[in-house]
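Novice: Provided below are the primary sequence and the corresponding predicted coordinates.
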Amino acid sequence: GYFGWIPFLECYHGILAMNYWVHGTIYHAGSTLFDSSNSATQLARGYLEKDWGTNFPKTWIWIQANHFEKDENVSLTLALSRVPLIGDSLYTIPGFLGGLFLDDRVYRMGTFMWSSVKSVSIEDDEEHRKIAIEIHSFWAKERLWVLATIPN
């Protein structure tokens, strides 16, 4: 998107792959934990992104999931942050990017596409933290509601 052309941003973000099978070997403390390098067995579902720049946003929420019980070909990623435009956060704007990989199609939403975050709420109780986010595409034809529940 157009943020990639702004040369003085502190941080840039790019999604390289949202949902793919990982093959390979995982070693820990001299032992092989998992090995799928010599077979057709897959190790895990993968997600790959890159971040670069001189700093990381001071505030952000990042949600990523690609292991859904009903359909292994679904992947979700969503990152919200305060994007510093001048200096070390002297002036910031809200920014986000998100994608939903569903039925072999990627539904992209983000600040760079003029989409908007309609609501964000975070609730805590003794057992869980709940984060609810609602996003609309520019023409509000596509809407994404995400509710993430995390044990405390």
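Specialist: That came through fine.
Novice: what comes up buried for stretch 126-143?
Specialist: Under the neighbour-count criterion of 16 or more other Cβ atoms under 10 Å, stretch 126-143 has 131, 133, 135, 137 buried. Where C-beta positions appear, they are placed from N, C-alpha and C, glycine not excepted.
Novice: Where does the prediction get shaky in the protein?
Specialist: Scanning the chain for pLDDT under 70 picks out 1-9, 40-41, 85-90, 140.
Novice: if I look at the closest residue to residue 115 other than its chain neighbours, how far off is residue 33?
Specialist: If you skip the residues right next to it in sequence, residue 115 has residue 109 as its closest partner in space, 4.0 Å away by Cβ to Cβ, 6 or more residues apart in numbering. From residue 109 across to residue 33, the span is 36 Å (Cβ to Cβ, to the nearest Å).
Novice: The two: which has the busier surroundings?
Specialist: Taking other Cβ atoms under 10 Å, residue 109 and residue 33 do not tie; residue 109 has more neighbours (23 against 9).
Novice: what residues are up against the more buried one?
Specialist: 96-99, 115, 135, 137, 142, 144 (Cβ atoms under 8 Å, 6 or more residues apart in numbering).
Novice: and the residue nearest to residue 115, which of the three is it?
Specialist: Reducing the assignment at residue 109 to three states with DSSP: H, G, I helix; E, B strand; the rest coil gives strand.
Novice: ok, so what distance separates it from residue 117?
Specialist: Noted for residue 109: a distance of 9 Å to residue 117, by Cβ to Cβ.
Novice: what residues are shared contacts of the two?
Specialist: When Cβ under 8 Å, 6+ apart defines a contact, the residues bordering residue 109 and residue 117 alike are 96, 135.
Novice: sec struct for the residue nearest the centre of the chain, please.
Specialist: Note on the chain: the residue nearest the mean C-alpha position is residue 77, at 3.2 Å, using Cα atoms, centre = their mean. Following three-state DSSP, we place residue 77 in the strand state.
Novice: Burial check on the residue nearest to residue 128 when sequence neighbours are not counted, number of neighbours?
Specialist: The shortest distance from residue 128 to any residue that is not its chain neighbour, by Cβ to Cβ, 6+ apart, is 5.3 Å, and that residue is residue 149. Residue 149: 11 surrounding residues under other Cβ under 10 Å.
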